[in-house]
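K.L.:
just need the structure, nothing else, for what follows:
(chains A, B, C and D)
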Number of protein chains: 2
Amino acid sequence: MATIADVAKYTGLSSATVSRVINNYPHVSEDKRKLVHDAMKELGYFPNTSARNLRNRKTNLVAVLIPRLTNPFFTLILDGIERVAEANGFQLIICQTKSSKKKEIDFLNLLQTKQVDGVIFTSIENEWELIQPYTAYGPIILCNEYHHDATVPMVRLDQVQGSYLGTRHLIEKGHTKIAYCMGSTSGLSIDRRRGFFKAIEEAGIEMKSEWIFRDTYTMEDGKRVFQQILQLSDRPTAIFTGGDEVASVMVKEAGRRGLHVPGDIAILGFDDQPIASLIEPELTTIYQPGDEIGARAMTVFIECLNGIRERMSQSVIELPLSLVIRDST
Amino acid sequence: MATIADVAKYTGLSSATVSRVINNYPHVSEDKRKLVHDAMKELGYFPNTSARNLRNRKTNLVAVLIPRLTNPFFTLILDGIERVAEANGFQLIICQTKSSKKKEIDFLNLLQTKQVDGVIFTSIENEWELIQPYTAYGPIILCNEYHHDATVPMVRLDQVQGSYLGTRHLIEKGHTKIAYCMGSTSGLSIDRRRGFFKAIEEAGIEMKSEWIFRDTYTMEDGKRVFQQILQLSDRPTAIFTGGDEVASVMVKEAGRRGLHVPGDIAILGFDDQPIASLIEPELTTIYQPGDEIGARAMTVFIECLNGIRERMSQSVIELPLSLVIRDST
DNA sequence: CCCCTCTTTGTAATCGATTTCATGAAATCG
DNA sequence: CGATTTCATGAAATCGATTACAAAGAGGGG
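P.N.:
Residues are numbered from 1 along each chain as shown, chains lettered A, B, ... in the order given. Predicted coordinates:
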């Protein structure tokens, strides 16, 4: 492969001048500029990115942490991130954590070794105190999931409001026994729970601890939890799920058992994924603009890189959620 | 940030010895080894990846071209690629082409500038003659979509067999008027069409050109094409779709219009995505092991890098497809 | 004790760009 | 017309690692 030195030799110029042409600097005469361009074409020259990265101390690479590539809500976020990244000349490295604390931390090594200019988290497995030390190495942005004590910019959705809206909707439909599928210890999960209980308490409804279910993320989880719910002696008449996939599986399972949705049991989704309006009955759900927060997060990231935004102190961009009423409630 | 020179100075050793310790080379005494490790920890040293990449002429980065991140079948492939990549110390750069010929070619620049060690295509927009010149710059692997004249390794699924199985199934169900949703000019689309017509011709069925529809990829496309089908005077009684999303939308649309599936119109999917078994009626479809071909493609890629496999001549790994019979046919 | 091999370490070149500084030529100004 | 900018270009340092080669010291055999 041809190097800049080859181009310099071929044109009889110095590598400095060739570099100036490549980077479109001023103070290069038109004839030399053309000479260099012709030589680059003639020799099949392409600047070596590793060399540039080393010298420029910048890689134009961003690591995006995502729990699972096969989760449509997270790929929607990724899509939003990608849109802004590509418009600004950044490439994305995908880091699938599979919800592993260890992997999450391991990926931060990319930042320490300067392989990426920064990191965007779309989910968080570890406590903030374990992640915080890494903020010294470059911008870290939280997108979607968050910790209340995080000392970095976060782009998030108003989970309290979202789950409050959904729960109130269920209550208005007459439900007083509502099962709740809980997430992790992240700020997102805490807030979602907060909104749920806010609506419950406002309505003066009593909540049983056996109606609360942990770790309900995947379709398998949904199936399992739904079975558990059916076996309860004092059975809930509505279910607040953590996501549309779980909700879809529950609707499916209900149908398989001859239970009518929402007549026998109402099911509320979360996300408003495409699947929500494809299944029968269509899912009532909370619309989460995943692509929007992804795009915002990438924008915030660029602001941090350019020093326009403080990268090591907390700042919050919060977007509202909205209830989409369909036929499952 | 500390550099290798800092560690050398701190320990009183040369950077060569430090480098040997970092890379676990033999012929370094145990005490120096420990000395260096302690110093690295003390100084908070991490090797700079750009510098290593430059020197080693290797980035451990692979570009993966994918039409849309929000398409579950492609993220399934990505998941398979990621599994093998991560097990072998490679990172993935996602390149969303959005089915644009120009973007596809633009991403190959990553290969020319040596930002990545190679490229895996999961879809192909351009003709092979336009891509071929780039094979000079590094391994290019085709995964899923392919061109028959490609001069690189390909990992693919037996599309002829898959569409043949599906079409024969429709014919066995008594259908003689079958609409066909066509793809592009890639080898995959050609073969899928080949399998379809093989079954049609074997059965001695007459095919009308107005039953053939182009560019049916997205849910919007599905809706549009379904409407067109309903308006035909000589209406097909079955539809061969290009994917489960399109099929799902069609099932939905049929329901909305009071048409019974499969009674009034049978609908055959492709891929066997999760959605296939969530909608009502469940989709009969062709199971495509996306993660499997992804994993194989990444394995093949590594073989090419290691010189175990010829990277600039055609080789084919083909996996079989299978029919999953459910309730939409 | 001498010669040879093996281990351990260092010096300096190298990977391929960018950029500072220096220099001479050309343009501008009063 | 002389002084001062501005323009165009090159030499060489630099980014931060890896590695070929050299050299010194340790150990072994005869």
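K.L.:
quick one, what contacts the residue in the stretch 151-300 of chain A that chain B sits nearest to?
P.N.:
Residue nearest to chain B within the stretch 151-300 of chain A (CB to the nearest CB): residue A:280, separated by 4.2 Å. In this view, the C-beta of every residue, glycine as well, is placed from N, C-alpha and C. When contacts are counted by CB atoms under 8 Å, 6 or more residues apart in numbering or on different chains, residue A:280 touches A:251, B:255, B:279, B:280.
K.L.:
can you tell me the SS state at it?
P.N.:
Put simply, residue A:280 is coil when judged by DSSP: H, G, I helix; E, B strand; the rest coil.
K.L.:
gap between it and residue B:245?
P.N.:
The spacing between residue A:280 and residue B:245, counted by CB to CB, to the nearest Å, is 16 Å.
K.L.:
ok, residue A:13 next?
P.N.:
In terms of CB to CB, residue A:13 sits 55 Å off from residue B:245.
K.L.:
which stretch of helix or strand covers the spatially closest residue to residue A:21 that is not a sequence neighbour?
P.N.:
What sits nearest to residue A:21 in space, not counting adjacent residues and going by CB to CB, 6 or more residues apart in numbering or on different chains, is residue A:36, at 4.1 Å. Assessed by DSSP states H and E, residue A:36 sits inside helix A:30-43.
K.L.:
any idea of the mean pLDDT for that helix?
P.N.:
Across helix A:30-43, pLDDT averages out at 94.
K.L.:
show me what counts as buried in it.
P.N.:
Neighbour-count burial for helix A:30-43 flags A:32, A:35, A:36, A:39, A:40, A:43 (criterion: 16 or more other CB atoms under 10 Å in any protein chain shown).
K.L.:
before we move on, the earlier item: who has more neighbours, residue A:13 and residue B:245?
P.N.:
Counted by other CB atoms under 10 Å in any protein chain shown, residue A:13 and residue B:245 do not tie: residue B:245 has more neighbours, with 27 against 18.
K.L.:
the more buried one sits in which helix or strand?
P.N.:
In this assignment (DSSP H and E), residue B:245 forms part of helix B:244-256.
K.L.:
and the residue nearest in space to the middle of chain A, how close does it get to residue A:271?
P.N.:
Centrality entry for chain A: nearest residue to the mean C-alpha point is residue A:122, 3.1 Å, by CA atoms, centre = their mean. Between residue A:122 and residue A:271 the distance is 13 Å, computed by CB to CB.
K.L.:
got it, and residue A:51?
P.N.:
The gap separating residue A:51 from residue A:271 is 43 Å, by CB to CB.
K.L.:
what about the two, which has more around it?
P.N.:
The residue with more neighbours, out of residue A:51 and residue A:271, is residue A:271; 26 against 17, by other CB under 10 Å.
K.L.:
pull the contacting residues for that one.
P.N.:
With contact set as CB under 8 Å, 6+ apart, residue A:271 has these partners: A:72, A:73, A:243, A:244, A:285, A:286, A:287, A:288, A:290.
K.L.:
apart from its neighbours in sequence, what residue is nearest the fifth one?
P.N.:
Put plainly, it is residue A:285. With sequence-adjacent residues excluded and distances taken as CB to CB, 6+ apart, residue A:285 is closest to residue A:269, at 3.4 Å.
K.L.:
report the separation between that neighbour and DNA strand C.
P.N.:
Residue A:269 sits 50 Å away from DNA strand C, going by CB to the nearest atom of the strand, to the nearest Å.
K.L.:
in this structure that residue contacts residue A:282, no?
P.N.:
No: counting by CB atoms under 8 Å, residue A:269 sits too far from residue A:282 to count as a contact (9.7 Å).
K.L.:
quick revisit: can you pick the most crowded of the contacts of residue A:271?
P.N.:
residue A:285 (30 neighbours).
K.L.:
what about the strands in chain A?
P.N.:
Secondary structure of chain A (DSSP state E): strands located at A:61-66, A:91-96, A:118-121, A:140-143, A:153-157, A:178-181, A:212-213, A:238-240, A:266-268, A:285-287, A:315-319, A:322-324.
K.L.:
now the ones you listed in a markdown table, with distance to residue B:208?
P.N.:
Putting the strands of chain A into a markdown table (distance: least, CB to CB, whole Å) gives the following:
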| stretch | distance to residue B:208 |
| --- | --- |
| strand A:61-66 | 46 |
| strand A:91-96 | 45 |
| strand A:118-121 | 51 |
| strand A:140-143 | 50 |
| strand A:153-157 | 49 |
| strand A:178-181 | 50 |
| strand A:212-213 | 53 |
| strand A:238-240 | 48 |
| strand A:266-268 | 43 |
| strand A:285-287 | 41 |
| strand A:315-319 | 50 |
| strand A:322-324 | 40 |
